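Peer 1: here is my input; please provide its structure:
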Amino acid sequence: MTDLLARPELSVGVDEVALTLNGSPTRFGRRPGQRLSDALRGPLGALEVKVGCNAGDCGACTVLLDGAPVCACLVLAEQADGREVTTLVGLRRDPAVRALAERFHRHGAAQCGICTPGMLVAAAALLRHRAAPSEAEVEVALAGVLCRCTGYRSIVDAVLDRPSRHALGGGVGGAVPRLDGRSKLDGTERFGDDVAPPGALALKVVRSPFPRASVALGDLDGFLDTRPGLVAVLTARDVPGVNEFGVIPAFADQPVFALSETRFRGEAVAAVVGEADAVAGLDPADVPIVFTPLAAATSVVQATADGAPAIHAGRPGNVMCHGLVRRGDAGAALARADVVAGGRFTTAFVEHAYIEPEAGYAEVVEGRMHVYASTQAPMMDRDGLAAILALPVERVRVVPTACGGGFGSKLDLSIQPYLALAALATGRPVRGAYGRAESMQSSTKRHPADISIEVGATHDGRLCGVRFDATFDTGAYASWGPTVANRVPVHASGPYAVADYRATSRAVHTNNPVAGAFRGFGVPQSAIALEVALDDIALELGLDPLELRRMNALADGVPTVCGQVFEAGVGIGACLDALAPHWRQARAEAEATNRMARVVRRGVGVACGWYGCGNTSLPNPSTIKAGVRADGTVVLHQGAVDIGQGANTVVTQIFAEALGVPVDAVTIVGADTDATPDAGKTSASRQTVVSGNAARLTGLALRAEVLRRANAGEDAIIRPGDGLTVVDRGEWRGVDLSDVDADGYALVAQESWDPPTLPLDADGQGSPYAVYGYAAHMAELEVDVELGTVRLLKITAAHDVGRAINPVLVDGQIHGGVAQGLGMALMEAYVPGRTENLHDYLIPTIGDVPPIETIIVEVADPHGPYGAKGLGEHALIPTAPAILNAIRHACGARLTDVPATPDRVLAAIRAAREVVR
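Peer 2: Below you'll find the model as predicted:
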């Protein structure tokens, strides 16, 4: 590597760099210190090279330099002088690389797609040197490229050219390759930092370096006068509307720019706008703003102590909100229980760590604000921006770019207000992209939890009472804290029948980072406490842990802890039944291994999860529109943002099934607040169910109109193509498409669907969700009892998805959720000021994720489209507790604090030995 990156002798004038890019000689101006990644993306226009960290940690910018893979962000542009650089676009000329990309496509190995160019380049480099590598060689070769979506297993399968376990097919139930997949694989997908027009101004946000600080603005005008190329410094005084945003209107509390005081490290105070080179060279510390640190409450204990300063007025004791579900008499049930288990459990801040940092651009077009950005919620963005800009909503347009991972954090406004304010102030297009440290400082996190739980059971293992109390650190501002506080008590029982139950929660403000939505909205934290306690009971009573869960599993007709009764669709029992033979075999193998083992012990653990799809007891509609053009083209206006989970494909499959046409006959118009109706935010595992139902109804309505115009029966076949033809009992009939509307449609249908729910009463009784999904995971692992290290061997994941609309995408969601769950279990903990990069903050790499066997269970739900249920969150919830229970099975170590790092595992092993003595 030293020789590869050594600075060569300059072969051209001092003001130029000359290199060969993808086989073509090219020259560009030399800039001292310029990274090769910046040169490729800037003057050379190679936007297929992605930048996720600028530190060599993520590998998204991997290219070939003289045939060897390197991180372009670690190479100076002048080091490439006289050399050959090959990006994905150049490699795609090789038939072998195109075949590799097709295998990625078939296996669903590109989800959000931001890491895909780097992954393909690294894989292609390996295959050029070793045509038939081993799995270990693949993992080594690709270890430098991080992926947060796929869980890596589909990538390994694609590189090794393993057969797909799902046959290709169309319509509902078919393994349709991702409809938006090819652009991810050929480098043409455009993300937030790829779409700004040439010559756009750039933006850099100035942020607080302290958890809490007073702010004094200096001579900003004088600063601009001395900085050529800078155009404006924006502060709160430049916000024409409300200097505030939030995802829940009643709790909106976060300023666009802090005024006199900041409340967390990374809070925005100003934004500097100027020509790209001037902004790139700016040190935010040079901006004349004085931060004076103040005493900060950086823990819940400090924030709730007597006399603690109020972080927000009107929230006494710094408590933002509470949640409660109460049914029966939990205290009496626990008193009569034969065994009571539980204790105190804690979890850490967890970073989303999407590979694409927040990015986008804004411009004013004919008096309207246009914002292009990576987002999960374009309509919410539009409404929030309109309030900040003091514009009517119809004068704001939000166009989501490709989203390089979101997992919940890109539901909140991030860079969008600054871009819009800058474009409004300067009258020019303005672009911006956060650096990795800035992204990690300013973005929302998974809520840290402090949970106390008591679970009672009778001597035969029947659960007879649960008492659960949780405190969540919601950080400096509300974000999705109220949703977490209200969702968790509903879910803290797990998918089990519990007649006597009391669960409370509270969200507390601190001067920590804002905690928001992250795949599960607090349910993964509660599942850890419950599922470890269930293993306590199994051990105490000498029962099999899986059988204990099976005998207590919810079933059709049995009330949940909210008193809701589902007459059909409860699939947790089916998940456990599907897992049972794998469980018995794995436990037997572990026992046989451990009879001979001393230092390295094997364990097998199980855990369950459930998750309600959509908002909790609130309206949650989606609207989908479709039309037929005069030439017979069928167009689907699909506003459900695809963040890698596959909404573009799944919603289209459902619509095509309902209309009765092949999937490839449908043209998609993607999310755009000007072009697509409101399909709601991409969150809470809602799009397959809610937008899917809206798409089904739209397809049925459009089909009915086509058949009416053709005077055809319900079983007729619709054939789009050159015009629109209907085949009815062997007779071919054309459909008149000559009369079109202003949008060019001869036929139009638009339908909505809102899940039937009921509000929760004061005790949390009601019908919070129309549809739940269910899961049971089994973890197999080894523990080195002398070092405390854990090595995962396999995860087996059984998921009831109601109906697998697309089984390849189902596998992909499960794999990605498992990977994030194991990260939460074993390694991930965000610490402000210490883990603000992807080197110190660890997420699973390709070598950390074991083989994952997915078991797709289909217990149809009467509310889901074609019986389907959501999946995104469910895939993460049981993983961490299954791992913790497996560690305990291996060595007796009972873990109550995550992540279970080696020091914690070793301490728990020693504590378990002391108990035995």
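Peer 1: every contact and neighbour count from this point should use C-alpha atoms.
Peer 2: Noted.
Peer 1: now the protein, which segments are flagged as low pLDDT?
Peer 2: Residue ranges of the chain with pLDDT under 70: 1-14, 916-917.
Peer 1: which helix runs longest in it?
Peer 2: helix 572-594 (DSSP state H).
Peer 1: who are the packing partners of the following helix or strand past that helix?
Peer 2: Once helix 572-594 ends, the next helix or strand along the chain (criterion: DSSP states H and E) is strand 600-612. Packing partners of strand 600-612 (3 or more C-alpha pairs under 8 Å, 6 or more residues apart in numbering; DSSP states H and E): helix 523-541, helix 572-594, strand 772-784, helix 879-891.
Peer 1: please identify the most buried of the ones you listed.
Peer 2: Comparing the helices and strands packed on strand 600-612 by mean neighbour count (mean count of other C-alpha atoms under 10 Å), helix 879-891 ranks first with a mean of 29.
Peer 1: quick one: contacts for Gly331?
Peer 2: Shown in contact with Gly331 (C-alpha atoms under 8 Å, 6 or more residues apart in numbering): 465, 467.
Peer 1: repeat for Ala125
Peer 2: With C-alpha under 8 Å, 6+ apart, Ala125 has these contacts: 64, 67-69.
Peer 1: ok, now with 6 Å
Peer 2: Under the criterion of C-alpha atoms under 6 Å, 6 or more residues apart in numbering, Ala125 has no contact partners.
Peer 1: am I right that it is in a helix?
Peer 2: Yes. Counting by DSSP: H, G, I helix; E, B strand; the rest coil, Ala125 is part of a helix.
Peer 1: that older thread, out of the helices and strands packed on strand 600-612, the one nearest Val628 is which?
Peer 2: The closest of the helices and strands packed on strand 600-612 to Val628 is strand 772-784. By C-alpha to C-alpha, the value is 34.7 Å.
Peer 1: state the number of residues packed around Gly557.
Peer 2: The tally of other residues near Gly557 (other C-alpha atoms under 10 Å) stands at 13.
Peer 1: any idea how far the closest residue to it other than its chain neighbours lies from Gly864?
Peer 2: Leaving aside its chain neighbours, Gly557 sits nearest to Glu567 (4.9 Å; criterion: C-alpha to C-alpha, 6 or more residues apart in numbering). Remark: distance between Glu567 and Gly864 (C-alpha to C-alpha, to the nearest Å) = 14 Å.
Peer 1: ok, the residue most central in space within the chain - contacts?
Peer 2: Geometric centre of the chain, nearest residue: Phe407, 1.6 Å, by C-alpha atoms, centre = their mean. Residues in contact with Phe407, defined by C-alpha under 6 Å, 6+ apart, are 518-519.
Peer 1: tell me the spacing between it and Ile643.
Peer 2: Computed with C-alpha to C-alpha, the distance linking Phe407 and Ile643 is 8 Å.
Peer 1: then Arg207?
Peer 2: For Arg207, the distance to Ile643 - C-alpha to C-alpha - is 28 Å.
Peer 1: export the helices and strands packed on strand 600-612 to CSV and tack on distance to Asp338?
Peer 2: CSV is the format used below for those (distance: least, C-alpha to C-alpha, whole Å):
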stretch, distance to Asp338
helix 523-541, 9
helix 572-594, 25
strand 772-784, 26
helix 879-891, 22
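Peer 1: hey, C-alpha coordinates of the longest helix of the chain in CSV?
Peer 2: Extracted as CSV, the C-alpha positions of helix 572-594 are listed here (Å, rounded to 0.1, in the frame of the first residue of the first chain):
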residue,chain,number,x,y,z
ILE,A,572,-46.1,-15.8,16.7
GLY,A,573,-47.1,-19.4,17.4
ALA,A,574,-46.4,-20.3,13.8
CYS,A,575,-43.0,-18.6,14.0
LEU,A,576,-42.0,-20.6,17.1
ASP,A,577,-43.3,-23.8,15.5
ALA,A,578,-41.2,-23.2,12.4
LEU,A,579,-38.1,-22.5,14.6
ALA,A,580,-38.6,-25.5,16.9
PRO,A,581,-36.7,-28.2,14.8
HIS,A,582,-33.8,-25.8,14.3
TRP,A,583,-33.8,-25.1,18.0
ARG,A,584,-33.7,-28.7,19.1
GLN,A,585,-30.9,-29.6,16.8
ALA,A,586,-28.8,-26.5,17.7
ARG,A,587,-29.2,-27.0,21.5
ALA,A,588,-28.2,-30.7,21.1
GLU,A,589,-25.1,-29.7,19.1
ALA,A,590,-24.2,-27.1,21.7
GLU,A,591,-24.5,-29.5,24.6
ALA,A,592,-22.4,-32.1,22.8
THR,A,593,-19.7,-29.5,22.0
ASN,A,594,-19.7,-28.1,25.6
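Peer 1: and for that helix, what's in contact with it?
Peer 2: Contacts for helix 572-594 (C-alpha under 6 Å, 6+ apart): 553, 601-602, 774, 776, 798.
Peer 1: looking at those, which is nearest Thr673?
Peer 2: Using C-alpha to C-alpha, these come closest to Thr673 at Tyr774, 33.3 Å.
Peer 1: who's the closest one bridged to?
Peer 2: Trp610, Asp800 (DSSP bridges).
Peer 1: what sits against the residue of the chain most remote from its centre?
Peer 2: The centre of the chain is farthest from one residue, Glu731, which by C-alpha atoms, centre = their mean lies 48.9 Å away. With contact set as C-alpha under 6 Å, 6+ apart, Glu731 has no partners.
Peer 1: and it, how far from Val898?
Peer 2: 66 Å.
Peer 1: tell me the contacts of Ala268?
Peer 2: 206-207, 257.
Peer 1: inside strands: which ones of those residues?
Peer 2: In strands, judged by DSSP state E, the following of the contacts of Ala268 are found: 206-207.
Peer 1: export the contacts of Ala268 to JSON lines and tack on distance to Tyr841 and neighbour count?
Peer 2: Below are the contacts of Ala268 laid out as JSON lines (distance: C-alpha to C-alpha, whole Å; neighbours: other C-alpha atoms under 10 Å):
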{"residue": "Val206", "distance to Tyr841": "23", "neighbour count": "24"}
{"residue": "Arg207", "distance to Tyr841": "21", "neighbour count": "24"}
{"residue": "Phe257", "distance to Tyr841": "27", "neighbour count": "25"}
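Peer 1: and which of the contacts of Ala268 is nearest Phe349?
Peer 2: Closest to Phe349, out of all of the contacts of Ala268 and judged by C-alpha to C-alpha, is Arg207, at 20.3 Å.
Peer 1: for that closest one, give the beta-bridge partners.
Peer 2: Ala268.
Peer 1: returning to that earlier point: tell me which of Glu567 and Gly864 has more neighbours.
Peer 2: Gly864 (23 against 13).
Peer 1: go through the helices and strands packed on strand 600-612 and name the closest to Gln111.
Peer 2: Across the helices and strands packed on strand 600-612, closest to Gln111 is helix 879-891 (C-alpha to C-alpha), at 20.5 Å.
Peer 1: angle of the closest one against strand 772-784?
Peer 2: 40 degrees (axes from the mean of the first three to the mean of the last three C-alpha atoms, to 10 degrees).
Peer 1: what's in contact with helix 879-891?
Peer 2: So helix 879-891 is contacted by 528, 601-607, 778-779, 818, 821-822, 825, 894 (C-alpha under 6 Å, 6+ apart).
Peer 1: just the C-alpha atoms of it, please, in PDB.
Peer 2: What follows is helix 879-891 as a C-alpha-only set of coordinates in PDB (Å, rounded to 0.1, in the frame of the first residue of the first chain):
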ATOM      1  CA  THR A 879     -31.900 -10.300  17.600                       C
ATOM      2  CA  ALA A 880     -30.200  -8.700  20.600                       C
ATOM      3  CA  PRO A 881     -32.100 -10.600  23.300                       C
ATOM      4  CA  ALA A 882     -31.600 -13.900  21.400                       C
ATOM      5  CA  ILE A 883     -27.800 -13.200  21.400                       C
ATOM      6  CA  LEU A 884     -27.800 -12.300  25.100                       C
ATOM      7  CA  ASN A 885     -29.700 -15.500  25.900                       C
ATOM      8  CA  ALA A 886     -27.300 -17.500  23.800                       C
ATOM      9  CA  ILE A 887     -24.300 -16.000  25.700                       C
ATOM     10  CA  ARG A 888     -26.000 -17.000  29.000                       C
ATOM     11  CA  HIS A 889     -26.600 -20.500  27.700                       C
ATOM     12  CA  ALA A 890     -22.900 -20.800  26.700                       C
ATOM     13  CA  CYS A 891     -21.300 -19.600  29.900                       C
END
